[in-house]
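Novice: Need a 3D model of the sequence below.
(2 chains)
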Amino acid sequence: MSKELELKQKILIVDDSEMNRAILADMLESEYEIIEAENGTEAVAVIEECRAELSLILLDIVMPEMDGFGVLEIMNKREWIEEVPVIMISSESGAAPVKRAYEMGISDYISRPFDSAVVHRRVVNTIMLYAKQKKLAALVMEQIDENEKQNALMIDILSHIVEFRNGESGLHVLHIRILTEQILKHLVQISDKHHFNQEEISLISMASALHDIGKISIPGEILNKPGRLTKEEFDTMKTHTTIGADMLKNLAFHQDEPLVKEAYAICRWHHERYDGRGYPDGLKGDDIPISAQVVALADVYDALTSERVYKKAIPHEEAVRMICNGECGTFNPLILKCFNDIADVLPDRLKECNPGRTNEQELQEILENKLQPKDSSASERTLRLLEKERMKCSFYASMSDEIQFEYTLFPPMLTLSEWGAKKLRLPEIIMDPFKENGPLYSLIERGDIAEFLRILTEASHEKPVVKYDCKANIGGESRWVSIVCQAMWSFDDESQFTGAIGKAVDIHESRMRIDALEKMASHDSMTGLYNYDYAKNQIQELLKNREGEDYVLMLIDVDGIKKANDMKGREFGDKVLIHVAKHMKEIAGSDEVVARISGDEFLFLSKCDMDLDSAAEKVARAAEGEYEGFQISVCIGMAGTRNMGTNYNVLFHGADAALRAAKKNGPKHRENYIKLM
Amino acid sequence: MNLKECYGALEGDYEDVLGRLRTEKLVQKFVLKFLNDKSYDLLCSSLEAEDYGEAFRAAHTIKGVCQNLSFTRLYESSHDLTEALRSGWSDAAAGLVERVKADYKQVTAAIEELQKGLEG
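Specialist: Residues are numbered from 1 along each chain as shown, chains lettered A, B, ... in the order given. Prediction:
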């Protein structure tokens, strides 16, 4: 492969001045691939996307949008600073910014003016140092592995001596180790109470191999007696616990070694029972160290399933049943549950029997544990749970037709689920999503975005979930969506708003159906006007909320419809009514109501700025006229709120009585209820 | 006018920049590029709009570029302006703006001369 084709290491240059980026790029581009960003926000987007490929970041301090410290803060929060080294550049004078930047984890600092030799050297050094550190980490890992193997070997030899005297299969110690390890691993997964990391589990399993070392001083006749032990013999046998413990306690050195401490507890107490009826100390419940409790159970299981001088081997299923039924002593229910949970896989695990080997992944965990400051790292269990949750989320997201998103205030960033981004034809990560003319504004109306953000700011701890329905442009089509989202706050005392997570669901079809149903329920199908019931509700609402406004309720009867029907057919009569309805609707304001209440009767609630008669004339002018040779005229009965108040029933009956009076006087008459009185 | 004379005319330090950037070709490339740098326009427009935060950043950028190119005279005035603007607008800053403008014109005039020389 030619040199040019080899993959160059990548360097991100972040500086707001194109000139300065160009000068740096010029110095480095022969050996590195250069990516440029002109402010902090852009830089964060680049780091987010390809930090695994970045070998180094050259970062300016003073920049618009987000400055260099802002970038460092995010890199710290997200622990990116552990992955990519940063060299700070700036012409800032004074030591304070430099100090601050170092505290935030930068590796080096270059001040302007750039000297090409110096820049070059520092870049190379920093990249090399990081590479070296990674290499060293790998070396340490090998060492741990080697160390573990050595330790395991010594312990295996020692415990085999015991087994050899004991006449046991030789596999007993190995089995105890595997069983102990398997139970503990499961225990930390299902319990919040017990926190063992990988290193501790491996320590306890190793120490478990020493559980019976005390037997070295038990006479062979008793150890290997085929029949039942006498009481005296059994008492002697029991002393293997305290003897083993004493042997460890009397070691001249290594008293503070965790392995020795664990082994002591296991030797001494692996015959204690949860109900307090064990030996040598009669400890009860959780006074017995968990390590000893687990080893005790492992010991019982292996004893049952192995052949001994005095007994035959019991099959796995039978042994599990006996233990779970309490036929072999009382155990901590939690540990019993662990055992039962993993019982099915135990025979295989024991067969695999790869003694003393820690797999690659476990080694990695141990190493990370060693490299990390103790208090800040999340426990293995938490991380595993998080990873599981993340997988679950992304699975559900891909299954449902939902656009899921996460919005963080700092940095201002909107992250869309993969599916959602594709659906909306947007990138998965949008920096500063609510800036003027951002890509969101081509999707959702400006007013809707503003209203949604307003609602979001009203979210509270008591009511963190907010919902907003609006139209959105999805795949070129305007559709109704429902946005549901949960506001998030920081976990510290200040509890600052930090962003939100949520989803947008397409509710277009159901919304359209509801709209159609609502329309059907509220409208007269022939004229498209409101029907009586709906109009009544609307009017009551209007009258309740009116602000000093006077209204007049009019009932309108179209004259001569029966005659029209008779002469030109029923269809023609309907056409006349539709014509009348259309013209009345045209003059109705948004706070006025027109409805068809029966065959040829209409209702019009009109504002009444002057007198009732002129309101009625306005309606009459709209309704009357000529339709295909038919002269339309109407009778109108009126009732005004000024004289009669705002009770709907009173108004309606008044208008109805007035209409009947008007019709009595022949076509084209108007009557005001008050004047009838 | 050659590059060295240009540095004399704009009162910069030719030896220094050559020491750092190594080749005359590279220095010349960036000197010519200075004419396209937008920071000065940004400084003027943000001052007009009384956006002194933006003006500070623009002055800061000019200062950084001048530092890299060893435009000593403009570096000094833009440095003083940056420090003055750090705490917002003042009479002192107003005076410094005039200095930066005069120095900037001196620099661009010299570079334009250089450009003419190269083309001719």
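
Novice: Give me the below-cutoff pLDDT ranges for the chain.
Specialist: Reading this off chain A. Counting by pLDDT under 70, the ranges of chain A that qualify are A:1-7, A:91-93, A:138, A:164-170, A:309-310, A:353-400.

Novice: Actually, chain B is the one I wanted.
Specialist: By pLDDT under 70, the weakly predicted segments of chain B are B:120.

Novice: Residue A:522 contacts residue A:532, correct?
Specialist: No. Using Cβ atoms under 8 Å, residue A:522 makes no contact with residue A:532, being 10.3 Å away. Any C-beta I mention is one placed from the backbone N, CA and C, and that applies to glycine too.

Novice: Need the overlap of contacts for those two.
Specialist: Counting by Cβ atoms under 8 Å, 6 or more residues apart in numbering or on different chains, residue A:522 and residue A:532 have no contacts in common.

Novice: Give me the distance between residue A:137 and residue A:72.
Specialist: Counting by Cβ to Cβ, to the nearest Å, the gap between residue A:137 and residue A:72 amounts to 23 Å.

Novice: who does the top helix by length along chain B touch, helix- and strand-wise?
Specialist: Counting by DSSP state H, the longest helix found in chain B is helix B:91-119. Other helices and strands packing on helix B:91-119, by 3 or more Cβ pairs under 8 Å, 6 or more residues apart in numbering or on different chains; DSSP states H and E, are helix B:3-9, helix B:24-33, helix B:39-48, helix B:52-69, helix B:72-86.

Novice: now the angle between helix B:39-48 and that helix, please.
Specialist: Angle of helix B:91-119 versus helix B:39-48, following axes from the mean of the first three to the mean of the last three Cα atoms, to 10 degrees, is 150 degrees.

Novice: Just want the angle from helix B:91-119 to helix B:72-86.
Specialist: Going by the same axes, to 10 degrees, helix B:91-119 makes 150 degrees with helix B:72-86.

Novice: re earlier: can you add mean neighbour count and distance to chain A and give the helices and strands packed on helix B:91-119 back as a markdown table?
Specialist: What follows is the helices and strands packed on helix B:91-119, written out as a markdown table (neighbours: other Cβ atoms under 10 Å in any protein chain shown; distance: least, Cβ to the nearest Cβ, whole Å):
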| stretch | mean neighbour count | distance to chain A |
| --- | --- | --- |
| helix B:3-9 | 18 | 14 |
| helix B:24-33 | 17 | 6 |
| helix B:39-48 | 18 | 6 |
| helix B:52-69 | 25 | 4 |
| helix B:72-86 | 22 | 8 |
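
Novice: Tell me which of those lies nearest to residue A:495.
Specialist: Residue A:495 lies closest to helix B:52-69 among the helices and strands packed on helix B:91-119, at 29.3 Å (Cβ to Cβ).

Novice: which helices and strands sit right next to the closest one?
Specialist: Here helix B:52-69 touches helix A:18-28, helix B:24-33, helix B:39-48, helix B:72-86, helix B:91-119, going by 3+ Cβ pairs under 8 Å, 6+ apart.

Novice: Next up, the contacts around residue 21.
Specialist: In the absence of a named chain, this looks at chain A. By Cβ under 8 Å, 6+ apart, the contact set of residue A:21 is A:13, A:15, A:36, A:38.

Novice: look at chain B instead
Specialist: Here residue B:21 is in contact with A:23, A:114, A:116, B:27, B:30 (Cβ under 8 Å, 6+ apart).

Novice: out of the residues you listed, who's nearest residue A:195?
Specialist: Distances from residue A:195 to the contacts of residue B:21, taken as Cβ to Cβ, are shortest for residue A:114 (50.0 Å).

Novice: Make sure I have this right: the closest one is in a strand.
Specialist: No. Secondary structure of residue A:114 (DSSP: H, G, I helix; E, B strand; the rest coil): coil, not part of a strand.

Novice: Measure how buried it is and give me the count.
Specialist: Counted by other Cβ atoms under 10 Å in any protein chain shown, the residues lying close to residue A:114 total 21.

Novice: quick one: it from chain B, how far?
Specialist: Separation of residue A:114 from chain B (Cβ to the nearest Cβ, to the nearest Å): 6 Å.

Novice: Need the helices and strands packed on helix B:52-69 in a markdown table (columns: distance to residue A:154).
Specialist: Output for the helices and strands packed on helix B:52-69, formatted as a markdown table (distance: least, Cβ to Cβ, whole Å):
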| stretch | distance to residue A:154 |
| --- | --- |
| helix A:18-28 | 52 |
| helix B:24-33 | 64 |
| helix B:39-48 | 69 |
| helix B:72-86 | 66 |
| helix B:91-119 | 75 |
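
Novice: Residue A:627: which of those helices is closest?
Specialist: Closest among the helices and strands packed on helix B:52-69, using Cβ to Cβ: helix B:39-48, at 66.1 Å.

Novice: What lies in contact with that closest one?
Specialist: By Cβ under 8 Å, 6+ apart, helix B:39-48 touches A:17, B:52, B:54-55, B:58-59, B:61-62, B:65, B:97, B:100-101, B:104.

Novice: Mind doing that once more with 6 Å?
Specialist: The contact list for helix B:39-48 (Cβ atoms under 6 Å, 6 or more residues apart in numbering or on different chains) reads B:54, B:55, B:58, B:59, B:61, B:62, B:104.

Novice: Please apply the same query to stretch A:413-421.
Specialist: Outside stretch A:413-421, the residues that touch it by Cβ under 6 Å, 6+ apart are A:397, A:398, A:403, A:404, A:405, A:406, A:407, A:428, A:429, A:430, A:431, A:433.

Novice: what does stretch A:591-605 give?
Specialist: Stretch A:591-605 has contacts (Cβ under 6 Å, 6+ apart) with A:524, A:527, A:529-530, A:532, A:535, A:538-539, A:551, A:553-558, A:561, A:584-585, A:588, A:606, A:619.

Novice: What are the boundaries of the helices in the stretch 251-400 of chain A?
Specialist: Applying DSSP state H, counting those that start in this stretch to the stretch 251-400 of chain A gives helices spanning A:258-269, A:290-305, A:316-324, A:333-342, A:346-352, A:360-371, A:380-399.
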